[in-house]
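Chemist: Give me the fold of what follows.
(one chain, ligands or ions: 1)
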Amino acid sequence: MSSRTASHTALITGSTAGLGSAFARQLAAQGYDVVLAARSDDRLESQAETLTSRYGVRAEVIVADLTTDDGVGAVQERLADTAHPVHLLVNNAGHGLAGSFVDNELDAERDLLRLHVQTTMELTHTAARAMTAQRAGRIINVASVAGYTPTGTYSAAKAWVINFSKGLHSQLKPAGVTVTAVCPGLVRTEFHQRAGITAQGAKRWMWLEAEDVVRQALTANAQGAAVCVPSRTYQALTASLKFIPDSVVQWAADRGLGVPGQDEDAQRQLAAGSEDASDDGTAAADADSSETDSVSSARQ
Ligand SMILES: NC(=O)c1ccc[n+]([C@@H]2O[C@H](COP(=O)([O-])OP(=O)(O)OC[C@H]3O[C@@H](n4cnc5c(N)ncnc54)[C@H](OP(=O)(O)O)[C@@H]3O)[C@@H](O)[C@H]2O)c1
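Modeler: Reported below is the predicted structural model:
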């Protein structure tokens, strides 16, 4: 149990698994009361019980699908509750998509964009208003190293999260609110399994542990950083990308080096003008087996 006396509250979206679960655990261990938001009622309830009994903190749950207006509205309502202020918001809920852009249903692409971009923007807006009124607050937006590469809706959404967070960092700093974009590489969570992404070509060194990523993210945010890339390896990789001309990055992406699997599949189908490549699942199998060792194979 924490020795903290002044009560602080953290709200974590996507708290039931992976990075969100680690954020909730580490923040509770620091003495934060927690508000846990995700879709799975039973997982939320048991997580709340565990955190309360282990760390002696208060734990609220909000069952919400954050691809819906109602779900986002429920979380916004809690963020705007000035009687019980939220001091730290973690916009973490997210998912990936295994298929190529043209194969995926438009609704699936739209939901992805909604969750990673619109929901992040809406929750941040509500939290930022409440926090700037208090002249204090912390916001952590979980992006990805994928945001540094041109690899489809997911990476475009994460690029938005990075840029959005950087801009807000400058705007809100004078009001005492720290905004940090966290850009992990591949992390061992439920993410890939849920999306049906094998990531089997990824080397061992590419994989990070959720607890390490979250520890670095919380430290970076507490120290006032605008962007946090956890692990020296990914820091070196993202730094080196800044020195590679856009034309070379595009050249690599065009050859599937930036998006193995998913986009190679798309390229094959586009090149063949094929409409039927994935109907029997063969294309997906091919895509899985064609993943390379490129760091950008992280469709995370
Ligand atoms: N794992 C990686 O390699 C990696 C790398 C870079 C960035 N990221 C980012 O890290 C964040 C967390 O991912 P993770 O790896 O921890 O994945 P995860 O283990 O699959 O956990 C995802 C969490 O998000 C929640 N969630 C998903 N869709 C939701 C929705 N529509 N509404 C509300 N909650 C939703 C899930 O809970 P319910 O199912 O209960 O709703 C779960 O708690 C994501 O933003 C992801 O893009 C992951």
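
Chemist: Now Trp205: closest residue in space that isn't a chain neighbour?
Modeler: Spatial nearest neighbour of Trp205, chain neighbours left out: Thr233 (6.4 Å); criterion: CB to CB, 6 or more residues apart in numbering. Every residue, glycine included, has its C-beta placed from N, CA and C.

Chemist: who touches that neighbour in this structure?
Modeler: By CB atoms under 8 Å, 6 or more residues apart in numbering, the contact list for Thr233 reads Gly185, Trp205, Met206.

Chemist: got it, and Ser170?
Modeler: By CB under 8 Å, 6+ apart, the contact list for Ser170 reads Ala226.

Chemist: host element of it?
Modeler: Following DSSP states H and E, one finds Ser170 within helix 153-172.

Chemist: Run the contact check for that helix versus the ligand.
Modeler: No. On the criterion CB under 6 Å from any ligand atom, helix 153-172 is out of touch with the ligand, staying 6.9 Å away.

Chemist: Could you do stretch 218-235 as well?
Modeler: No. Stretch 218-235 does not reach the ligand (CB under 6 Å from any ligand atom); its nearest approach is 9.4 Å.

Chemist: From the opening residue of that stretch to its closing one, how far?
Modeler: Start-to-end span of stretch 218-235 (CA to CA, to the nearest Å) is 17 Å.

Chemist: Low-confidence ranges, the protein, go.
Modeler: 1-6, 257-300 (pLDDT under 70).

Chemist: same thing but at 50, please
Modeler: 1-3, 5, 259-299 (pLDDT under 50).

Chemist: Can you list the buried residues in the helix or strand harbouring Thr219?
Modeler: Here Thr219, judged by DSSP H and E, is contained in helix 210-222. Within helix 210-222, the residues scored as buried using 16 or more other CB atoms under 10 Å are Ala210, Val213, Val214, Gln216, Ala217, Leu218, Ala220, Asn221.

Chemist: and what of stretch 228-248?
Modeler: Buried, per 16+ other CB under 10 Å, within stretch 228-248: Cys228, Val229, Pro230, Ser231, Tyr234, Leu237, Thr238.

Chemist: now do stretch 83-93
Modeler: Applying 16+ other CB under 10 Å to stretch 83-93 flags Pro85, Val86, His87, Leu88, Leu89, Val90, Asn91, Asn92, Ala93 as buried.

Chemist: and if you look at stretch 51-62?
Modeler: Those would be Leu51, Tyr55, Val57, Ala59, Val61, Ile62, for stretch 51-62 by 16+ other CB under 10 Å.

Chemist: Thought Leu36 was touching the fourth one, still the case?
Modeler: Yes. In this structure, Ala59 sits in contact with Leu36. The criterion is CB atoms under 8 Å, and the distance is 6.3 Å.

Chemist: among the buried residues of stretch 228-248, which are in strands?
Modeler: Members of these lying in strands (criterion: DSSP state E): Cys228.
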